[in-house]
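In: fold the following for me, if possible:
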Amino acid sequence: MDSLWNELTLAFSRTSMFPFFDIAHYLVSVMALKHQPGAAAMAWKNPLSSWFTAMLHCFGGGILSCVLLAEPPLRFLANNTNILLASSIWYMIFFCPCDLVSQGYSFLPVQLLAAGMKEVTRTWKICTAPKTKIRKGNDKAEEFTFSGAGGSIITNFEQLVKGCWKPEADEWLKMSYPAKVTLLGSVIFTFQQTKHLAISRHNLMFLYTMFLVVTKITMMITETAVMPFACFEDTLNRILFGWQQQFSSCEKRSETKSSLNGTGSSTSKPIADASDKVQKKHTKKTE
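Out: The predicted structure is shown next:
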């Protein structure tokens, strides 16, 4: 049984992403771009700008990795095959007659299949970063994160160039699901590479990929944006930072009690003085 499992995970770790998994990644990325307001009109009005934006979504992780490694950010253009493949998908999505590609993508099974295959490529992007990173001697987890979630991070730069950047929706201030789940994978694979996690690389790749695929498909079927580890985040937040809120609430309660006691004592004095005056007047009348 163990040998069968090892053979399965090894075969899975040696699976090539080209061309089918790469096609799924480009398809999901460009369709997400098309669903943005005004993206279709932009493609007809300025095709070059639309194409360049699509390439940012498709190759965002590679661009950010090159920037961090002090390499040319447009090095991804050297891969002619992937550029032609991504450009073909962009052209078919935006300029296909009768919008057939978008209509075909609107079926839920197609979306689930494409999204699951895209999550597989996320694992491969995270795992292909260490070799270059070790030579440069920088932080491994940071490189992993940019490689696996570059599209969501580079969107901030794209919006800034277009003049429609919204600071409240910044990826660093409000991390999206891809960024969070990639950061989690980056830490896990970093521990595995530094021998702090006793598990083989191919087994970890298989388990992490299954977690990504199942989680993404579940979120799409249930149509919910709740993160799978939202409960864990809430619990950790209460453990690390909730005690300060409890102390502040206790202080507020004590302050309100003390203020109430102070006002009660101050109001009791005028009542006592008034009663003394009434008694004095009564005694004068009786005399």
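
In: all contacts plus neighbour counts: C-alpha atoms, from now on.
Out: Will do.

In: give the buried residues for stretch 63-76.
Out: By 16 or more other Cα atoms under 10 Å, the buried positions in stretch 63-76 come out as 63-66, 68, 73, 76.

In: which residues sit against stretch 214-225?
Out: 112, 115-116, 119, 226, 228 (Cα atoms under 8 Å, 6 or more residues apart in numbering).

In: just say helix, strand or coil for Glu71.
Out: coil (DSSP: H, G, I helix; E, B strand; the rest coil).

In: and it, what pLDDT?
Out: The model reports Glu71 with a pLDDT of 79.

In: distance of it from Gly242?
Out: Counting by Cα to Cα, to the nearest Å, the gap between Glu71 and Gly242 amounts to 43 Å.

In: circling back: how about the buried residues of stretch 63-76, which pair is most distant?
Out: Greatest spacing in the buried residues of stretch 63-76, by Cα to Cα: Leu68 and Phe76 (14.3 Å).

In: list buried residues within the contacts of stretch 214-225.
Out: Neighbour-count burial (16+ other Cα under 10 Å) is assigned, among the contacts of stretch 214-225, to 112, 115-116, 119.

In: so where's the stretch 101-250 of the chain shaky on pLDDT?
Out: Across the stretch 101-250 of the chain, the ranges flagged by pLDDT under 70 are 129-152, 160-173, 226-227, 243-250.

In: which parts of it are helices?
Out: Secondary structure of the stretch 101-250 of the chain, counting by DSSP state H, counting those that start in this stretch: helices at 108-127, 130-136, 140-148, 150-162, 177-193, 201-222, 230-286.

In: got the phi and psi for Pro19?
Out: When quoted as degrees, to the nearest 10, the phi and psi of Pro19 stand at phi -100, psi -20.

In: any figure for the gap between it and Lys195?
Out: Remark: distance between Pro19 and Lys195 (Cα to Cα) = 33 Å.

In: could you do Ser29 as well?
Out: Distance from Ser29 to Lys195, counting by Cα to Cα: 34 Å.

In: so who does Ile89 touch?
Out: Contacts for Ile89 (Cα under 8 Å, 6+ apart) come out as 23, 26-27, 30.

In: where's Trp124 relative to His35, distance?
Out: For Trp124, the distance to His35 equals 26 Å [Cα to Cα].

In: then Val213?
Out: From Val213 to His35 the distance is 22 Å (Cα to Cα).

In: out of these two, which sits in the busier spot?
Out: Val213 (19 against 10; other Cα atoms under 10 Å).

In: now the more buried one: closest residue in space that isn't a chain neighbour?
Out: Gly116 (5.0 Å; Cα to Cα, 6 or more residues apart in numbering).

In: isn't that neighbour right up against Phe211?
Out: No: applying Cα atoms under 8 Å, one finds Gly116 not in contact with Phe211, separated by 10.5 Å.

In: could I get the contacts of Ile89 as a markdown table with secondary structure, distance to Met205 and neighbour count?
Out: Converted to a markdown table, those look like this (DSSP: H, G, I helix; E, B strand; the rest coil; distance: Cα to Cα, whole Å; neighbours: other Cα atoms under 10 Å):
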| residue | secondary structure | distance to Met205 | neighbour count |
| --- | --- | --- | --- |
| Ile23 | helix | 21 | 20 |
| Tyr26 | helix | 22 | 26 |
| Leu27 | helix | 23 | 25 |
| Val30 | helix | 26 | 26 |
